[in-house]
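Undergrad: Sharing a sequence plus its predicted fold:
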Amino acid sequence: MIDDGILKHRDDAGRRLPTGAEDGVDHKRRRIIAAGGTFLALLQVDLLGSVRAEALGHDDLFTATTLDDALAALGSTPIDDASVELILPGVVEDGAVVPVTVSSTLEDVEEIYVLVASNPYPVAVRFEIPDGTEPFVSIRLKLAQTGAVYAVVRANGRLYSRVAETRVTVGGCA
Amino acid sequence: MADPIRIRAKSNGGITEVMVLMPHPMETGLGLDASGTGRRAHYISDVEIKLGDRTVLRARLSIAVSKDPLISFRFKGGESGDRISVTWTDNFGDRGTGSASIV
């Protein structure tokens, strides 16, 4: 079909046909090309969509835009547990620098996450705790606004969490 | 990245306490500058801290970590004089390294 369109531009000797004839064919070609382009675009959207759905890994964690998506990317819902300790100020004037400390009395802690519910991307940081390192980490985070902060600890393949609320007078996400 | 990484490591009763400060803009890419145009996100994404060959902490950071990230943690072992080394990588692919002795 497309070949026809191309061939009609030239006669048997390879000379270009008069403009009138060329114009008529050109429109047909354009339609075919446009249809093909639309089809390819649709195909691409679909492919990207399915790739994104499959890649439920750590990258999803940091690109999650809601707390629910972030928790889903972690694999399971954490159990609220007193063995996780989360220390952060109750009120901060400057949301740009909020000290957060997470520790745990659990054995075999593998990972520690800090999630800030009100941030555009809730997952703030992930620590890998190798054997011999204490389940104790401290870091300074930006908080966009008042909201809940979650500490999530992975120990023996299970997730434990603790939540605390911090009131922010000036947001820190500029 | 002219500013060096600052590391303080102190051994106390078989536990080493480490504090690491990595000077970095940690730009979120969400805000606007004075002229009203967007800024590019520029942040440390990965940090690895080692005692000799032993990895004692690995961290994945996001734009939500404050400017000049400061991380403290503790690990078992480490003696006075042992070397602690820190390596970070940012989302531009730049790297920063530093090391210090445990006191």
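TA: Perfect, thanks for sending it.

Undergrad: contacts, neighbours, all on C-alpha from now
TA: Noted.

Undergrad: Up against chain A, what does chain B have?
TA: Chain B comes close to chain A at residues B:28, B:30-32, B:55-67, B:69-77, as judged by CA under 8 Å from any CA of the partner chain.

Undergrad: Going by neighbour count, which of those residues are buried?
TA: B:28, B:55-67, B:69-76 (16 or more other CA atoms under 10 Å in any protein chain shown).

Undergrad: hey, where'd the strands end up in chain B?
TA: B:6-12, B:15-21, B:44-51, B:54-61, B:70-76, B:83-90, B:95-101 (DSSP state E).

Undergrad: what sits against residue A:93?
TA: Contacts of residue A:93 were listed using CA atoms under 8 Å, 6 or more residues apart in numbering or on different chains, and they are A:168-170.

Undergrad: Those residues of chain A touching chain B, which are they?
TA: Residues of chain A lying close to chain B by CA under 8 Å from any CA are A:62, A:96-98, A:119, A:121, A:123-143, A:173-174.

Undergrad: Select from those every entry located in strands.
TA: Using DSSP E, the residues of chain A next to chain B in strands are A:98, A:123-128, A:133-141.

Undergrad: about what we covered before: which of the strands of chain B sits closest to residue A:68?
TA: If you check each of the strands of chain B against residue A:68 by CA to CA, strand B:54-61 wins as the nearest, at 19.7 Å.

Undergrad: Listing partners with orientation, what would you give for the closest one?
TA: strand A:123-128 (antiparallel), strand B:44-51 (antiparallel) (DSSP bridges).

Undergrad: who's in contact with that strand?
TA: Strand B:54-61 is contacted from outside by A:124-133, B:43-50, B:75, using CA under 8 Å, 6+ apart.

Undergrad: Can you report how many residues neighbour the residue lying closest to residue B:62 once chain neighbours are set aside?
TA: Nearest non-adjacent residue to residue B:62, counting by CA to CA, 6 or more residues apart in numbering or on different chains: residue A:124, 5.4 Å away. Look at residue A:124: counted by other CA atoms under 10 Å in any protein chain shown, it has 24 neighbours.

Undergrad: Look up how far residue B:10 lies from residue A:124.
TA: 27 Å (CA to CA, to the nearest Å).

Undergrad: what's the pLDDT at the most centrally placed residue in chain B?
TA: Among the residues of chain B, the one closest to the centroid is residue B:22, at 4.6 Å (CA atoms, centre = their mean). pLDDT for residue B:22: 97.

Undergrad: And it, how far from chain A?
TA: Plainly put, residue B:22 is 12 Å away from chain A if you go by CA to the nearest CA, to the nearest Å.

Undergrad: and that residue, what does it touch?
TA: B:4-6, B:68-70.

Undergrad: just residue A:147 next, same as before
TA: Applying CA under 8 Å, 6+ apart, we find residue A:147 in contact with A:116-118, A:165-167.
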